[in-house]
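Colleague: Just a sequence and a predicted model for now, questions to come.
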Amino acid sequence: MEFIHIGDTHFGPDEDLLIRGSNVCDRARQLVEEINSLSFVPDFVVHTGDVVNDPDTAAYELAAEALSALRMPVYYVTGNHDDVGMMEKALIFGPREDLLSDSKDRLCYQLTGGLENEAELFVLDGKVPPEEGPHGHLSDRQMDAVLSAITGEKPVAVFIHYPLTPIGSQWIDQHLLVTNGAEFQDQLATKAGENLRGIFSGHLHRGLQLYRHGVLQSGVSSPACEFTAGPEDDNCDFLAGGAIPFHHVTLTKDATMVKAYSIPFRDPR
Ligand SMILES: [Fe+2]
C-alpha cells in the first residue's frame with residue numbers, strides 16, 4: 001500500500017492569502033501538481049488537517065477546487081483551524097465508514113473502498129473548542145470506537161492532526177499535543193501489537209519522526225509555512241518561503257517506509 005501524507009494547507013477565502021509573505025494557494029496547487037506527477041499512482045492521499053486558515057465557505061470551496069485535481073481518493077482529518085460541517089459540505093472524501101454515526105460534528109472513520117482488506121486505517125478528531133486552545137483531546141467514545149474496530153490481524157495506522165506525545169520542544173509540548181495522547185497510544189499498541197505501523201500527524205508545521213515505546217509517529221510539515229521547534233522555545237515562530245513538503249508512505253505486512261519530499265517552490269506570479 002502506497003499513500004501520500006500532506007497537511008496544513010491553510011487555504012484562504014481567495015487565491016491571494018499570504019501567510020508571512022507566502023501565497024498559500026499557489027503553494028498548495030504546486031503540491032497537487034507534484035503528487036500528480038509522481039511516477040506511480042498512490043492508493044490515496046491523506047490530509048492531516050488545517051485544510052483552511054479560517055473556516056468559511058469560500059476557503060473550503062477554493063480548497064475543494066484545488067485538491068479535487070488529485071488523481072486518487074483523498075481523506076481529510078479535522079485540524080484546529082477546520083470546521084467539520086463545512087468540510088463535509090465542500091470536500092470530496094474517499095470511501096469511508098463512520099465510526100461515530102450519531103456524531104456529525106466529528107470526523108472519526110475507517111478508510112474503506114478496498115483499503116480495509118490490506119490495512120486498518122483510522123482517522124480521529126482531536127479538535128477541542130477554539131477558546132480552550134490549540135491542543136487536542138480524544139473522547140473515550142472515539143478511542144473505544146477505533147480500538148474495537150482493530151482486529152489485530154492487519155497493519156494498523158492512525159491519522160490525527162495533533163501529535164500524541166512530547167516532541168522535546170517546550171511550547172509545543174505544553175500547547176499542541178493531544179492531552180490524553182500517551183494513554184491512547186498505549187491502548188493502540190496493546191490492541192494492535194506488532195501490527196501498529198504508525199501514527200501520522202500534522203499541526204507542527206514541521207516534519208517529525210518520533211519513536212515512543214518503539215511506535216512511529218510521523219508528522220508532515222506545511223506547504224504554507226513552517227514553524228520553529230527549538231527545545232526552549234516559548235512560542236512557534238514562522239519560517240515562511242520554504243520548500244513544498246509531502247511524505248510518500250509505504251505500508252507492508254511488516255514495515256513502514258516514509259520517504260520525505262521537499263520540492264522548491266516555483267512562483268507562478
Ligand atoms: Fe496548521
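Modeller: Cool, the structure landed.

Colleague: So which residues on this structure come close to the ion?
Modeller: Asp8, Asp50 (C-beta under 5 Å from the ion). The way it works is simple: take the backbone N, C-alpha and C, and place the C-beta from them, glycine included.

Colleague: for the stretch 51-200 of the chain, what spans make up the strands?
Modeller: 74-76, 96-98, 109-111, 120-123, 156-159, 196-201 (DSSP state E, counting those that start in this stretch).

Colleague: would you list these in JSON lines and tack on mean neighbour count?
Modeller: Formatted as JSON lines, these follow (neighbours: other C-beta atoms under 10 Å):
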{"stretch": "strand 74-76", "mean neighbour count": "23"}
{"stretch": "strand 96-98", "mean neighbour count": "16"}
{"stretch": "strand 109-111", "mean neighbour count": "23"}
{"stretch": "strand 120-123", "mean neighbour count": "25"}
{"stretch": "strand 156-159", "mean neighbour count": "26"}
{"stretch": "strand 196-201", "mean neighbour count": "26"}
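
Colleague: Those strands: which one's closest to Gly49?
Modeller: Nearest to Gly49 among the strands of the stretch 51-200 of the chain is strand 74-76; the distance by C-beta to C-beta comes to 7.4 Å.

Colleague: Parallel or antiparallel, list what pairs with the closest one.
Modeller: strand 44-47 (parallel) (DSSP bridges).

Colleague: Show the average pLDDT along the strand it pairs with.
Modeller: Across strand 44-47, pLDDT averages out at 98.

Colleague: Run the chain-centre distance for that strand.
Modeller: Its chain's C-alpha centre and that of strand 44-47 lie 8 Å apart, by C-alpha atoms, centre = their mean, to the nearest Å.

Colleague: Dump it to PDB, keeping only the CA atoms.
Modeller: Provided in PDB are the C-alpha atoms of strand 44-47 (Å, rounded to 0.1, in the frame of the first residue of the first chain):
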ATOM      1  CA  PHE A  44      -4.800   7.500  -1.600                       C
ATOM      2  CA  VAL A  45      -3.800  10.900  -0.200                       C
ATOM      3  CA  VAL A  46      -4.400  11.800   3.500                       C
ATOM      4  CA  HIS A  47      -4.600  15.400   4.600                       C
END
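
Colleague: Give me the residues contacting it.
Modeller: With C-beta atoms under 8 Å, 6 or more residues apart in numbering as the test, strand 44-47 has contacts from 3-7, 9, 35, 67, 70, 72-77, 94, 111, 115, 123, 159, 200.

Colleague: swap in stretch 83-94?
Modeller: 44, 51, 55-57, 60-61, 63-64, 67-68, 73-76, 78, 104-107, 111, 113, 125, 127.

Colleague: same thing but at 6 Å, please
Modeller: The list of residues contacting stretch 83-94 from outside it, by C-beta atoms under 6 Å, 6 or more residues apart in numbering, reads Phe44, Pro55, Tyr60, Glu61, Ala64, Pro73, Tyr75, Tyr76, Thr78, Asp105, Leu107, Gly113.

Colleague: So for the fourth one, what's the nearest residue that isn't a sequence neighbour?
Modeller: Pointing back at Glu61 there. Ala90 (5.6 Å; C-beta to C-beta, 6 or more residues apart in numbering).

Colleague: Run a quick neighbour tally on the one you found.
Modeller: Ala90 has 21 neighbouring residues, counting by other C-beta atoms under 10 Å.

Colleague: Compute the distance between it and Ile167, please.
Modeller: 31 Å (C-beta to C-beta, to the nearest Å).
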